[in-house]
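[1] 3D, please:
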Amino acid sequence: MNSEQLIRDRLAGKGLHKKKAQYLGPIVYDGEPIAQYHNPNIFIEDILGENDTKQFTSIIVSGSPGTGKTTLMTFIAHECHTRNPNYFVLHLGKKELLKFDSIMRTLPKGRDIILVFDDVSNVFKHIHDPDARTKILTTLTEARHPEFEGTDRRVMVLAGVHYIFSMEKMWRSQGSWKFYTDLSNEEIQNFNHSTKSRFKHQVDLFATITLQQFRKKIFTVSLTNKQKRTYNINKPFRFVMVYDNSKIRFFLVPDHSCNLCSKDKNKHSKIKATPRDIIRLAKKYYKLDGIAGLKIALTLQGITHQYRNNLVYAINTDLEILSTFDVDPEALALEMRKDAQISDKRLNAISKKRLDFVKDLEDIQKNEGNVTFGSEAIKHKIREDEQLEILADQVEDEANEIINEMEELRQDGSKEKDDDEISEPTEKDEQEDLL
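    Numbers count the residues shown, from 1 in each chain. Predicted coordinates for the structure are as follows:
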């Protein structure tokens, strides 16, 4: 049982005496012990679950400048797209929001979208035309219905602001998730007023801890019901508050990102590698499935040279088929899974392997592609496998050509038979002609 489910079961008192239901032991996250109820995977799984069901999720991140709003939003985007690689992450600012309608037309087809607005405080202040404001907000909420595509996509919108009421009311009201990196006195008053002071004690506690966090660069929170632990800011966590319109929760959040989801696409330096290095690295982790996954990853980047021409034609045709007919894509995928007799348990979320790409690639390059470090027999076996893959593709191509030729011959034979039946007169026909 994973830690998130354990937490929920314990809070619900499942299988435990109610007095014991509140006890939650520590876990290790990013190499540091934390309380289970501070585990950020809890809200990540909840956000993904909501987005999967509703297809639209609005998240507002509030905090004063320099408190880590962009870092938090990037963490959420990173954890979501690593669990579901179909998410495409796009960072936008105020200027892009004002021409949002045209930007939406450039988004990749067939991808779920995570839109990260780094600062939209008072963005509509200088837009006096109410129709223009409404158009932007409508485009946001209707982004899950892409033009010229037969199926809806999932959309997640993350917006950073200096305080909640600096947002347009229509946008603010759609936010089912509100994250806080700190709380000013004005924000405390607004929050307590909107929640009728139901969480006054927790809000005051959070404000005190974050004040210590940014002034002293350390903060102390609970590890268990009887233990506390002090953390240094950014080593690796910051303390945040989450309100999901029903309750308040606190979490420890690290700085997780990659070049796919960072605002700066070159934040993480890239190491030079050859195409053959990448192929061997993919194969090292998942063998032949690694190669298949690499082909799909290239497809998501708009590259199809890795496939035979006939398969590319098939992909384009299948996309047209899906856009023509009203079919549930989930049900279609399950039907194909059944046809393929896949015995694995269906994944609801993709768990990420803890892999050290850099070290593994350095080992591969150092040993000239020998992933087991020095065995000539294994090295020869890798080359042999690669040759077999090429041969298998050639055999498949030839088999398809033979099947197509046989089908053409069968059709030609049927046509000739039909022509013979039409052209050759029967004895009865000849007698009728004589009469």
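[2] all strands for the stretch 101-250 of the chain, in order.
    Remark: strands assigned in the stretch 101-250 of the chain by DSSP state E, counting those that start in this stretch are 112-117, 155-161, 177-180, 218-222, 228-232, 237-243, 248-254.
[3] of those, which is nearest residue 48?
    Set against residue 48 and scored by C-beta to C-beta, the strands of the stretch 101-250 of the chain come closest in strand 155-161, at 8.9 Å. Quick note: C-beta positions are derived from backbone N, CA and C, even for glycine.
[4] angle of the closest one against strand 112-117?
    Relative orientation of strand 155-161 versus strand 112-117 (axes from the mean of the first three to the mean of the last three C-alpha atoms, to 10 degrees): 10 degrees.
[5] how far off centre is strand 155-161?
    Offset of strand 155-161 from its chain centre (C-alpha atoms, centre = their mean, to the nearest Å): 15 Å.
[6] equivalent analysis for stretch 191-205, please.
    Distance, stretch centre to chain centre, for stretch 191-205: 33 Å (C-alpha atoms, centre = their mean).
[7] and it, how far apart are its ends?
    End-to-end distance of stretch 191-205 (C-alpha to C-alpha, to the nearest Å): 14 Å.
[8] got the buried residues for it?
    Residues of stretch 191-205 classed as buried by neighbour count (16 or more other C-beta atoms under 10 Å): 191, 199, 203.
[9] same deal with stretch 211-218?
    By neighbour count on 16+ other C-beta under 10 Å, the buried set for stretch 211-218 is 212-214.
[10] got the contact list for residue 290?
    By C-beta atoms under 8 Å, 6 or more residues apart in numbering, the contact set of residue 290 is 282-284.
[11] among the strands of the stretch 101-250 of the chain, which comes closest to residue 298?
    strand 112-117 (18.5 Å).
[12] pairing partners for the closest one, with directions?
    Strand 112-117 has the following sheet partners, assigned by DSSP bridges: strand 87-92 (parallel), strand 155-161 (parallel).
[13] can you list contacts of that strand?
    Contacts of strand 112-117 (C-beta under 8 Å, 6+ apart): 70, 73-74, 77, 80-81, 84, 86-93, 97, 107, 140, 143, 153-160, 261, 263.
[14] list the buried ones in that strand?
    112-117.
[15] now the residue most central in space within the chain. Nearest residue, chain neighbours left out?
    Closest to where the C-alpha atoms of the chain average out (C-alpha atoms, centre = their mean) is residue 81, at 2.6 Å. Computed as C-beta to C-beta, 6 or more residues apart in numbering, the closest residue to residue 81 that is not its neighbour in sequence is residue 87, at 4.0 Å.
[16] ok, now which ones touch the one you found?
    77, 80-81, 111-114, 154, 156 are the contacts of residue 87 under C-beta under 8 Å, 6+ apart.
[17] let's see it at 10 Å
    Going by C-beta atoms under 10 Å, 6 or more residues apart in numbering, residue 87 touches 48, 51, 77-78, 80-81, 111-114, 153-156, 260-261.
[18] how about residue 362?
    Applying C-beta under 10 Å, 6+ apart, we find residue 362 in contact with 271, 273, 356.
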